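Enquirer: Task: produce atomic coordinates for the following.
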Amino acid sequence: MSAAARLGALLLASAALAVAAGAWIESGFAPDWTDPERVSFDAIHLPPGSPGHWLGTDDQGRDCLARLLAGSARTLGAALLATAISLLLGVSTGLCAGYWNAADAVLSRLAAIGMAFPALVLAIVLVAALGKNL
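Expert: Numbers count the residues shown, from 1 in each chain. Now for the predicted structure:
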């Protein structure tokens, strides 16, 4: 296994560990952040490194590390979903293009059009059309 593959595996394992830690924290170790009665107004804007709050707290006294770890589960899930969709579309498109010559010509033209379009503009159009949800 190459050094790059080892580094990638290490990063993926650490991300999975962070997701597991976030799920553990969210399951009852830390206060429920959506419940306004469990917000600690005594711990507003604590700096990083404070006792019990490694990354400090926000303007409502919620622990930033716990919120970061809990949010990582959603982010990693979205990344895995996007990777799975890309894999499914890419493999099926490549198989069709390799099997039928007519499909290869059409898909090559569509790929050229897609690469000519700026990715940032496409992302802005998609967010405007679909909204800011997952």
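
Enquirer: any idea which residue sits dead centre in this structure?
Expert: Thr75 (2.5 Å; CA atoms, centre = their mean).

Enquirer: and the helix or strand where that residue lies, which residues are buried?
Expert: Thr75 belongs to helix 64-99 when assigned by DSSP states H and E. In terms of neighbour count (16 or more other CB atoms under 10 Å), helix 64-99 has its buried residues at Leu65, Ala66, Arg67, Leu69, Ala70, Ser72, Ala73, Leu76, Ala97. C-betas here are computed from N, CA, C, even on glycine.

Enquirer: Show me what that helix is packed against.
Expert: In terms of contacts (3 or more CB pairs under 8 Å, 6 or more residues apart in numbering; DSSP states H and E), helix 64-99 is packed against helix 3-24, helix 101-116.

Enquirer: That helix versus helix 3-24: what angle between them?
Expert: 130 degrees (axes from the mean of the first three to the mean of the last three CA atoms, to 10 degrees).

Enquirer: And the residue nearest to Trp54 when sequence neighbours are not counted, how far from Ala5?
Expert: Using CB to CB, 6 or more residues apart in numbering and skipping residues adjacent in sequence, the residue nearest Trp54 is Leu65, 5.0 Å away. Note on Leu65: its distance to Ala5, by CB to CB, to the nearest Å, is 30 Å.

Enquirer: Run a quick check on Thr57 versus His45, I expect a contact.
Expert: Yes. Under the criterion of CB atoms under 8 Å, Thr57 makes contact with His45 at 6.4 Å.

Enquirer: Who has more neighbours out of those two?
Expert: The neighbour comparison of Thr57 against His45 (other CB atoms under 10 Å) goes to Thr57, with 24 against 11.

Enquirer: residues touching that one, list them.
Expert: Ser40, Ala43, Ile44, His45, Leu46, Ser50, Asp63, Cys64 (CB atoms under 8 Å, 6 or more residues apart in numbering).

Enquirer: quick one: the second one and Asp59 touch, right?
Expert: No. No contact is recorded between Ala43 and Asp59 when judged using CB under 8 Å, the distance being 10.7 Å.

Enquirer: Show me which of these two is the more surrounded one.
Expert: More neighbours surround Ala43 than the other of Ala43 and Asp59, with 17 against 8 (other CB under 10 Å).

Enquirer: Fine, thanks again, bye for now.
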